[in-house]
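**Q** Here is the input, now give the coordinates:
(one chain, ligands or ions: 3)
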Amino acid sequence: MAKVELGKKSREAQHMVVITDKFKNEFGLPDKVIAYFNSFLGQKDKKLLTYNYIGKHITIYIPERDKGPFHLAEHLRKQGSAVADAVNALKGKEVVIFNQTRQPAYSLWLSEGIALSNYQFIHHKKDAEKNKNTLESIVICGTGITQKQVEELNLLCDAVGKARDLVNEPVNVLNASGLASAFKNMGKEAGFKVEVFNKAKIQQLKMGGLLAVNAGSVDEPTFTVMEYKPARPKNKKPLVLVGKGVVYDTGGLSLKPTPWSMDLMKCDMAGAAAVGCAIYAIAKAGLKVHVIALVPATDNRPGFNAFAPGDIIRMMDGSSVEMLNSDAEGRMILADALHYAKRFNPELVIDVATLTGAAAAAIGTAGMVGMGTASTAQKNKLLHSGLTVHERIAEFPFWDEYEEMLKSDIADQKNLGGPYAGAITAGKFLAKFTDYPYYHLDIAGPAFLTAKETYRGKGGTGVGVRLLYDFAKNL
Ligand code: BES
Ligand code: ZN
Ligand code: ZN
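**A** Ligands and ions are numbered 1, 2, ... in the order given. Model (predicted):
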């Protein structure tokens with residue numbers, strides 16, 4: 001990922017982007033070129049012009065302000081993606097941003113888009129070096145941006161890159177223990193506490209849901225507890241984040257088909273990656289918030305002792321679940337983590353999970369599905385963060401009727417709802433294990449892309465990291 005830095009204006013810059021409403025020629029360009037630019041600036045529908053002038057690659061961008069600030073920020077990030085592609089295609093190492101508007105934030109949004117677009121996951125390739133993007137630095141010129149803002153942007157983009165890496169690594173490289181070790185390393189680097197429970201400890205805690213999902217696997221499960229507690233935090237009670245860490249979801253005995261289904265399921269720990277990398281960014285930035293992140297992790301496989309559809313499982317909270325479908329495993333492991341979260345007396349618990357195909361079917365990759373019992377004020381803050389960073393939340397209803405669909409004749413609950421409202425019944429199942437303000441984020445749609453979508457790239461997107469960071473920052 002390219003680094004953002006502050007720099008002095010230089011006309012010598014090879015690749016440059018000018019954000020402007022009214023082009024000022026600070027670059028010594030000949031009149032002919034300026035006349036061309038100005039003719040372009042007069043055209044209403046044109047917002048981006050890319051121009052090659054004696055080996056100098058110039059992009060001019062006109063802010064589109066009419067649709068509001070959220071739209072504008074996202075538009076700039078997306079343009080950043082086009083800029084990164086153009087500079088890399090020309091084998092450029094550096095791109096310089098000249099901002100001729102009075103809005104310094106425009107440079108940050110554009111930089112964010114460039115940096116996030118420049119992410120690659122190529123380290124498994126023999127000739128990784130040859131395939132590497134040439135772009136290394138994004139230089140912001142002009143005033144209004146502080147070094148601190150630049151550092152924050154870099155560390156956030158880094159955290160997103162880490163989350164993408166974790167998601168993109170397949171299960172033969174990163175199993176539950178590997179995921180826990182990755183968190184351990186991140187804790188050492190950023191300065192937060194990481195404790196990893198092994199199978200014996202998980203058994204001792206009677207985490208029946210996590211153990212049931214792990215039963216068909218040869219790899220041991222892990223349960224990771226991360227805690228970042230700065231001096232004098234703004235929140236008296238901690239914010240607890242819970243991430244689904246199914247390092248691979250075959251569906252278990254309720255086996256998934258391969259194409260466009262099981263073949264994508266290395267992404268089933270994207271929630272875990274999001275919460276782990278969010279706490280990493282929060283700690284690195286030294287935000288004054290007390291945050292705890294919990295990650296139950298295992299693969300879901302149909303091995304010899306795999307739990308069979310119809311099995312009744314005793315959960316950590318003592319309740320029983322009739323497991324009618326072994327592919328509805330995420331809620332089983334999250335339930336124990338949500339029960340475990342009670343001991344922290346949390347102000348709010350947010351879980352992030354690639355939980356249901358139903359969520360993806362409902363709104364696609366454009367956003368995540370949210371629901372829960374959090375207060376209106378808490379929800380509004382979270383939804384606002386979603387708009388700010390463009391990791392938007394579509395709130396679903398959380399009516400009592402959905403709970404009815406989880407009734408079992410022989411256990412306290414079944415892990416399967418009816419044919420409809422699958423994303424919501426999954427959320428209702430989880431809410432049963434909470435006794436605090438709670439919000440559930442289903443990221444099954446946006447967690448993993450099968451085709452590049454501008455700066456979100458192809459593969460793991462790292463969705464949730466920027467959302468949770470912004471939310472914690474504004475607590
Ligand atoms: N990991 C899947 C959900 C998923 C689907 C994530 C697509 C990302 C993309 C989850 O464990 C699952 O299989 N859910 C089932 C639940 C059903 C059996 C009640 C589903 O959505 O089909
Ligand atoms: Zn599943
Ligand atoms: Zn799953």
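**Q** domains in the chain, as residue ranges please.
**A** According to automatic domain parsing, the chain comprises the domains 3-145, 155-473.
**Q** weakest of those domains by average pLDDT?
**A** Here the domains of the chain differ in mean pLDDT, and the lowest is domain 3-145 at a mean of 88.
**Q** what's the spacing between it and its chain's center?
**A** Mean-position distance between domain 3-145 and its chain equals 25 Å (C-alpha atoms, centre = their mean, to the nearest Å).
**Q** Could you list everything the residue of the stretch 101-250 of the chain at minimum distance from ligand 2 pairs with in the sheet?
**A** Nearest residue of the stretch 101-250 of the chain to ligand 2 (C-beta to the ion) works out as residue 249 at 4.4 Å. No exception for glycine: its C-beta is placed from N, CA and C like everyone else's. Going by DSSP bridges, residue 249 is paired in beta bridges with residue 300.
**Q** For it, grab the count of nearby residues.
**A** 27 (other C-beta atoms under 10 Å).
**Q** And whatever residue of the chain ends up closest to ligand 1, how far from residue 364?
**A** Closest approach between the chain and ligand 1, counting by C-beta to the nearest ligand atom: residue 357, at 3.3 Å. Going from residue 357 to residue 364 by C-beta to C-beta, to the nearest Å gives 12 Å.
**Q** Show me which of the two is the more surrounded one.
**A** Per other C-beta under 10 Å, whichever of residue 357 and residue 364 has more neighbours is residue 357, with 16 against 10.
**Q** Find the nearest non-adjacent residue to the more buried one, please.
**A** In space, and not counting its chain neighbours, residue 357 is closest to residue 444: 6.3 Å by C-beta to C-beta, 6 or more residues apart in numbering.
**Q** need the strands for the stretch 351-475 of the chain, in chain order.
**A** For the stretch 351-475 of the chain, the strands defined by DSSP state E, counting those that start in this stretch occupy 368-372, 393-395, 413-414, 438-442, 448-449, 459-460.
**Q** hmm, who's touching stretch 90-100?
**A** Stretch 90-100 has contacts (C-beta atoms under 8 Å, 6 or more residues apart in numbering) with 7, 9-10, 13-24, 26-27, 57, 83-84, 87, 106-107, 110-111, 114, 134-142, 144.
**Q** Please narrow the residues you listed to those residing in strands.
**A** Those of the contacts of stretch 90-100 mapping onto strands are 7, 15, 16, 17, 18, 19, 57, 137, 138, 139, 140, 141, per DSSP state E.
**Q** nearest to ligand 3, of these?
**A** Nearest to ligand 3 among the ones in strands among the contacts of stretch 90-100: residue 138, at 36.3 Å, using C-beta to the ion.
**Q** residues contacting that closest one?
**A** 2, 3, 4, 5, 94, 95, 97, 111, 114, 115.
**Q** Could you do residue 206 as well?
**A** 314, 316.
**Q** got the residues of this structure near ligand 1?
**A** Contacts of the chain with ligand 1, taken as C-beta under 6 Å from any ligand atom, map to 249, 268, 325, 327-330, 354-358, 360, 416, 422, 444.
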